[in-house]
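Enquirer: Quick one, fold the following:
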Amino acid sequence: MQRKAYVTGTAALLAALLAGCTSGSGGDGPTDNANPGDAGTATVAAQPGKYRSLPEPCGAVDHDTLDSLLPGIKQIADPDQRDKAYQGDAALTYNTDRKVGCRWKVESADATDRLSVDFERVVSYDNTVSDDDQATKLFQGMETAADLPEPSATTATPTPTATASGTASPSASAASPTSSATASGSPSDSPSDSPSGSASGATPADLQPRVLTDLGDEAYLDDQLDSSGSTAQQRTVTVVFRTSNVVVTIEYEEQPMATGTVPDSKELQDRARNLASQLADALNG
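Expert: Okay, here's the model as predicted:
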């Protein structure tokens, strides 16, 4: 009888201890709260990019724009050769959902013009980094590699559109005459641009490589003149812009046939920027 009482007392003690453990493990326990919280944080993924595919690159530039960028294309007499020139050559790629491009080259009696357009859709494989942030890193790396000059007092002006609206002020137009010309596209706004570009190869301050504030989420323009050879000088204008998780690169080159002739910087920049604006509108459409 005494042994049975001992067992009964032991069972009661264990029951009391278990009840105490159960009451102490309620919703207020810090350990229990930490685990669900950590799990919730781990499941939050960064936002995906806006774009899930890319346009067909050789069809992204219309014939009118190609006529402007490649003046010799309309001079091609053979219809089949002319159509082939309009079609361009697709860049070699192994994943058309991630990177595509197209190339055009046209020779004329005056110059050889080349155009390339590349689209890259950026995807982040890190759940803590969004596609847009990953694309920003790619763009910033490209901008750093371009080594743009520091903006001067004359280049640190508002966007071309904003500058054009202020040209009524003599002081504003005197400070940055070529900015308003770039926006309006009117040769009369910058009479000195063509002579300096054609005769001496000098690039006006407002046409120097620079950040563009009116294109996509971020953009820049590079302008390089290759005068290393003894032949005609080749000018290359590059426009790179990002919109969400897509980075677009436009490279436009012109090499005149006549020795000593320098491609006009403003003219090539205007053409390249016009194409960039069209592509940005098409992506956002």
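Enquirer: buried sites along the helix or strand hosting residue 133?
Expert: Assessed by DSSP states H and E, residue 133 sits inside helix 131-146. Of all the residues in helix 131-146, those buried under the rule 16 or more other CB atoms under 10 Å are 131, 132, 133, 134, 135, 136, 139, 142, 143. All C-beta spots, glycine's among them, are computed from the backbone N, C-alpha and C.
Enquirer: from memory the first one sits against residue 243, does it?
Expert: Meaning residue 131. No - at 11.9 Å, residue 131 does not count as touching residue 243 under the criterion of CB atoms under 8 Å.
Enquirer: From residue 88, how far off is the residue nearest to residue 53 when sequence neighbours are not counted?
Expert: Spatial nearest neighbour of residue 53, excluding adjacent residues (CB to CB, 6 or more residues apart in numbering): residue 97 at 5.9 Å. Taking CB to CB, to the nearest Å as the criterion, residue 97 is separated from residue 88 by 20 Å.
Enquirer: before we move on, what about residue 74?
Expert: Taking CB to CB as the measure, residue 74 and residue 88 are separated by 15 Å.
Enquirer: circling back: just the CA atoms of the helix holding residue 133, as CSV, please.
Expert: Only the C-alpha atoms of helix 131-146 are listed here, as CSV (Å, rounded to 0.1, in the frame of the first residue of the first chain):
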residue,chain,number,x,y,z
ASP,A,131,16.1,43.1,-61.0
ASP,A,132,16.0,46.9,-61.2
ASP,A,133,18.8,47.2,-58.7
GLN,A,134,20.9,44.6,-60.5
ALA,A,135,20.3,46.5,-63.8
THR,A,136,21.4,49.7,-62.0
LYS,A,137,24.7,48.1,-61.0
LEU,A,138,25.3,47.0,-64.6
PHE,A,139,24.5,50.5,-66.0
GLN,A,140,26.7,52.2,-63.4
GLY,A,141,29.6,49.9,-64.3
MET,A,142,29.2,50.8,-68.0
GLU,A,143,29.0,54.5,-67.1
THR,A,144,32.2,54.3,-65.0
ALA,A,145,34.0,52.4,-67.8
ALA,A,146,33.0,55.2,-70.2
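Enquirer: Quick one: list the elements packing against that helix.
Expert: With contacts defined as 3 or more CB pairs under 8 Å, 6 or more residues apart in numbering; DSSP states H and E, helix 131-146 has these neighbours: strand 218-226, strand 234-243, strand 246-256.
Enquirer: Export the ones you listed to CSV and append columns for distance to residue 47.
Expert: Supplementary listing: the helices and strands packed on helix 131-146 in CSV, determined by distance: least, CB to CB, whole Å:
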stretch, distance to residue 47
strand 218-226, 18
strand 234-243, 15
strand 246-256, 15
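Enquirer: In TSV, list those strands along with distance to residue 209, mean pLDDT and mean neighbour count.
Expert: Compiled in TSV, these are given as follows (distance: least, CB to CB, whole Å; pLDDT from 0 to 100; neighbours: other CB atoms under 10 Å):
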stretch	distance to residue 209	mean pLDDT	mean neighbour count
strand 218-226	5	95	18
strand 234-243	9	97	22
strand 246-256	13	97	22
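Enquirer: now for the ones you listed, which one comes closest to residue 69?
Expert: strand 246-256 (6.4 Å; CB to CB).
Enquirer: residue contacts, residue 60?
Expert: Neighbour list for residue 60: 102, 117, 119, 279, 282 [criterion: CB atoms under 8 Å, 6 or more residues apart in numbering].
Enquirer: Those in strands, which ones?
Expert: Residues of the contacts of residue 60 located in strands (DSSP state E): 102, 117, 119.
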